[in-house]
Structure formats: structure tokens, C-alpha cells
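>>> Prediction below, plus the sequence it came from.
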Amino acid sequence: MTVKDIMSSPVYVLKPNDTVAHARNLMLRHKINTLIVVDDEEEMVGIVTMSDLSRKKAQSGPTWKRRPVDDILIDRVMTESPLTIYSSASISQATSMMLENHISSLPVMKNKVAGIITRTDIVKYIVENRSLEGSISEWMTKNPIFVHRHHTINHVIDEMDKSNIHKLLVVNDVEKTVGMISTRDLALNSLKDDEGKLQSKEIKMARKPETGGQRVYRDVEKVSLVAEDIMSTQLHVIDSSDSLNNATKIMIDENVLGLPVRENEDIVGIISRSDILRAIQNQLSE
């Protein structure tokens, strides 16, 4: 089995002067995570992923000076000269390249771009053709990062960048997990309102006057959208003792990028497609 047998084709392309809004609409319409950027001669000059789009959601400065992300041109977002793989390469080679370089997709070359292979393509193939061994606890990412539901989008992105992660969990005022945010959620949510302006909202900022004191709402602050505005709330929590194979099937069937992992009553980790890819690499190398 080679990359050619499981890659996604045809590829969807953009031009460098297309906008982020156009990229996001293509991803939504075709249910894809990656776009190829080509020049006027149809030669590949870059690649755009959901991670690329999500990073642009972080904006500094006062709200009135910020430029809507949707209006940013692709040449300011794309990754230039992306890694590629030949169509004749093995699934194991594609898996290793993705893990070693911390990427989620590879353009597939056969003279020109013939397709794209993604983590999802590999995971789907494995689920359909063989059984993954082991439990979730062996492969999950432990000690997940949590943010409060009122944390800003900038804070969410900073936490992802700082820990080099693509998913984190959202808690409410009593520290109960109420949602999860992935790069997909960041990339596919528009921050503009119906008039094309950056959205904002007023939130009550909670303060504790002293250690162990009662939580008191002291002020109202106007901010851009916050974690609860873009988080996924339909969480499928899975037990750490459950099988990796079952977790993989749930992710594919429900089209989610990760599952919170529970041990007793506590959330202790997240099992993601990257974690599953590590398990697949280990199994393919045996």
C-alpha cells in the first residue's frame, strides 16, 4: 500500500492574493483541512492549513485598529516551500514525515501535485484495514491545558503556541470542563459580525477579594470574542482504560479531532489524531 492509494484527490487550490475568507469557505464547503497555493503558471508556491488560519486570529492593539482576519491575503498566511512526498512512498514513510516535522498533511507529487495525504487519511485507512492495539492511557497526551470560558481568543492561541498543541479544554467558573477548542474551531469561525466588523462583547470579570473569599463580580470589560464563543460543546469523554481502537473509531465516526480522557471523575488527558498517528507508526514499524 502506497501514498497514492489513500491520498485525497483532487486538490483544491488558491492564489496568493486570495483572502483568508475564501480559504475558510473552501475548507467548509469541501470539508477539507488543507489547500494548495499556486501561482499564475499553476506551480505550487505554498500550502495553507487550518493551523495557519488559526494563528492569524491573534490580534494585538485596540479593537478599532484591528484588520478583520477574513481580509488578510493568503501570501501572508501560507507556509512557503512545504514538504512533499512522492506518490510511490509507503504509508509508514508518510507517517514518519508528519510526526518528525509536526505537520498534518503532505502534498503528493507525481511530476506536479497529484493529491494530498493527511493524518485523517492515514487514520481512516488503519481503522478500516487493521486493529490498533493498546489502551488510550498508553498514547494519550497527559496534563491537558485548560482555559477559562472568558479567556480571549488571543490567550487561547498563546496557550496553544506556548505548549505546541492543537487542542485545549475550556472550564467554567467552578472549573468544570464545558468545551474543547481545536485549531479547526479557530480557523473556521469568522470573527466578523453581519456588518463586516470585528465582533466584541461585554463580560463580567470575576475577582476574589481574598484567598478563599467569595467570588465577587467587580467590573464589566469589553473584549473581542472569548473561548466560549468558539468552543465545541458536544464533548465525547472517553475513559483512559478504553481501547485505542475504539477511540479512533469514535473520532472518525463523529469527525472530531480529539477526545477528552477521563480517569475516575477527573479529565486527565486528550487523545488526538496525532497521538493515534504515533501509535500507528509504532505498530507499522514492528
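Perfect, thanks for sending it.
>>> quick one, strands of the stretch 51-200 of the chain?
Assigned strands in the stretch 51-200 of the chain, in chain order: 79-80, 85-86, 105-110, 112-118, 141-142, 146-148, 167-171, 177-182, 200-207 (criterion: DSSP state E, counting those that start in this stretch).
>>> same for the first one, what does it pack against?
When contacts are defined as 3 or more CB pairs under 8 Å, 6 or more residues apart in numbering; DSSP states H and E, strand 79-80 packs onto strand 44-49. Where you see a C-beta, it was placed from the backbone N, CA and C, and this is true even at glycine.
>>> Pop out the phi and psi values for Ile103.
The phi/psi pair for Ile103 (degrees, to the nearest 10) reads phi -130, psi 160.
>>> Please identify the buried residues of stretch 134-153?
Buried residues in stretch 134-153, defined by neighbour count with 16 or more other CB atoms under 10 Å: 135-137, 139-141, 144-145, 147, 149-153.
>>> Extract the C-alpha set from that stretch and format it as PDB.
Extracted C-alpha coordinates of stretch 134-153, given in PDB (Å, rounded to 0.1, in the frame of the first residue of the first chain):
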ATOM      1  CA  GLY A 134      -3.300  -0.900  23.300                       C
ATOM      2  CA  SER A 135      -5.300   1.400  25.600                       C
ATOM      3  CA  ILE A 136      -5.900   5.100  25.500                       C
ATOM      4  CA  SER A 137      -3.800   5.600  28.600                       C
ATOM      5  CA  GLU A 138      -0.700   4.400  26.800                       C
ATOM      6  CA  TRP A 139      -0.900   7.000  24.000                       C
ATOM      7  CA  MET A 140      -2.900  10.000  25.200                       C
ATOM      8  CA  THR A 141      -1.400  13.400  25.800                       C
ATOM      9  CA  LYS A 142      -1.400  13.800  29.500                       C
ATOM     10  CA  ASN A 143      -1.900  17.000  31.600                       C
ATOM     11  CA  PRO A 144      -4.100  18.900  29.100                       C
ATOM     12  CA  ILE A 145      -4.100  22.700  29.000                       C
ATOM     13  CA  PHE A 146      -7.300  24.400  30.400                       C
ATOM     14  CA  VAL A 147      -8.500  27.900  29.700                       C
ATOM     15  CA  HIS A 148     -11.500  29.700  31.300                       C
ATOM     16  CA  ARG A 149     -14.600  30.200  29.200                       C
ATOM     17  CA  HIS A 150     -14.000  34.000  29.300                       C
ATOM     18  CA  HIS A 151     -10.400  33.900  28.200                       C
ATOM     19  CA  THR A 152      -9.800  35.800  25.000                       C
ATOM     20  CA  ILE A 153      -9.100  34.200  21.600                       C
END
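>>> For that stretch, the averaged confidence score.
For stretch 134-153, mean pLDDT is 93.
>>> Share the number of residues neighbouring the residue nearest to His166 when sequence neighbours are not counted, please.
Spatial nearest neighbour of His166, chain neighbours left out: Thr183 (4.8 Å); criterion: CB to CB, 6 or more residues apart in numbering. Thr183: 23 surrounding residues under other CB atoms under 10 Å.
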